[in-house]
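>>> what's the 3D shape of this:
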Amino acid sequence: MAFSADELRVLRRALANALHPTPLPEEDVQDCLRLAGAVDEVVNEAGRLRAFLLADLARYRDALPGSISGYLELLQDALAAGYDPRPDDLAALRALRAGPVAAALLERCQVLAERSVRARLAGRAVPMTAPAPRGRLLALRGGLAAAKEPERPRTPSRPAEPARPPAPGERPMPKPSEVFPPRRRPAPAPPPEERAVS
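Next up is the predicted model:
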């Protein structure tokens, strides 16, 4: 979970007030309540995402063997996030163990499953976790940060190389207008002839 600069200021004020209680201004109280609401919303969204990812993993497992690459990728991501493999996962991996990736995953899942069974028998609770999101969000250039950056002088790039002439036996790349010529409009129909009745 990441906080914005404003949210960090609110959090810092709330923590400072928790350490040294003093009456807070109404604005600070409202900021704390908004931050608590935002954190609750993120937690709820994370729960929905976990449920979706577990359902996605089950869909891939049910579609085996046609979805083997997607299933193995999802299962690897899930295991990295602390997912406890279920008996269905072990059965699917046993059926796919001819492949090296599936065989390695089967070994890893058997160790994890055995560890979780021993923990349950010992009376310890095994937390049910879900896979982490597959994609990572990357910061792209643009937005407000790009507007604040000063313009840098651009260095002249080297001139573009001229296109090489085609070899004698090689045909040049056709232009779109050669491949898809413009449509010709039909010529207007000649006016009907008027004949005199004799």
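>>> where in this protein is pLDDT low?
1, 124-169, 196-198 (pLDDT under 70).
>>> what about 50?
Low-confidence segments of the chain, defined by pLDDT under 50: 130-140, 142-147.
>>> quick one: the helices in it, in order.
With helices called from DSSP state H, the chain shows them at 5-19, 26-62, 68-80, 87-96, 100-121, 143-148, 176-179.
>>> and the third one, what does it pack onto?
Where contact means 3 or more Cβ pairs under 8 Å, 6 or more residues apart in numbering; DSSP states H and E, helix 68-80 is packed against helix 26-62, helix 87-96, helix 100-121. For the C-beta atoms, the positions are set from N, CA and C on the backbone; glycine is no exception.
>>> show me how far it is from its chain's centre.
Centroid displacement of helix 68-80 relative to its chain, using Cα atoms, centre = their mean, to the nearest Å, is 15 Å.
>>> swap in the shortest one?
On the basis of Cα atoms, centre = their mean, helix 176-179 is displaced by 38 Å from the centre of the chain it belongs to.
>>> could I have the CA atoms of that helix written out in CSV?
Provided in CSV are the C-alpha atoms of helix 176-179 (Å, rounded to 0.1, in the frame of the first residue of the first chain):
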residue,chain,number,x,y,z
PRO,A,176,-0.8,1.2,-49.5
SER,A,177,-2.3,2.9,-52.5
GLU,A,178,-0.9,0.2,-54.7
VAL,A,179,-2.3,-2.6,-52.6
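>>> any buried residues in stretch 86-96, and which?
Arg86, Asp89, Leu90, Ala92, Leu93, Leu96 (16 or more other Cβ atoms under 10 Å).
>>> chain neighbours aside, what residue packs nearest to Glu68?
Wrong residue type there; residue 68 is Ile, not Glu. Leu96 (6.2 Å; Cβ to Cβ, 6 or more residues apart in numbering).
>>> could you measure from the one you found over to Ala104?
Using Cβ to Cβ, to the nearest Å, Leu96 is found at 11 Å from Ala104.
>>> next: Arg13.
Distance from Arg13 to Ala104, by Cβ to Cβ: 50 Å.
>>> would a markdown table of the helices of the chain with distance to Pro191 be doable?
Shown next, in a markdown table, are the helices of the chain (distance: least, Cβ to Cβ, whole Å):
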| stretch | distance to Pro191 |
| --- | --- |
| helix 5-19 | 76 |
| helix 26-62 | 67 |
| helix 68-80 | 66 |
| helix 87-96 | 76 |
| helix 100-121 | 76 |
| helix 143-148 | 63 |
| helix 176-179 | 34 |
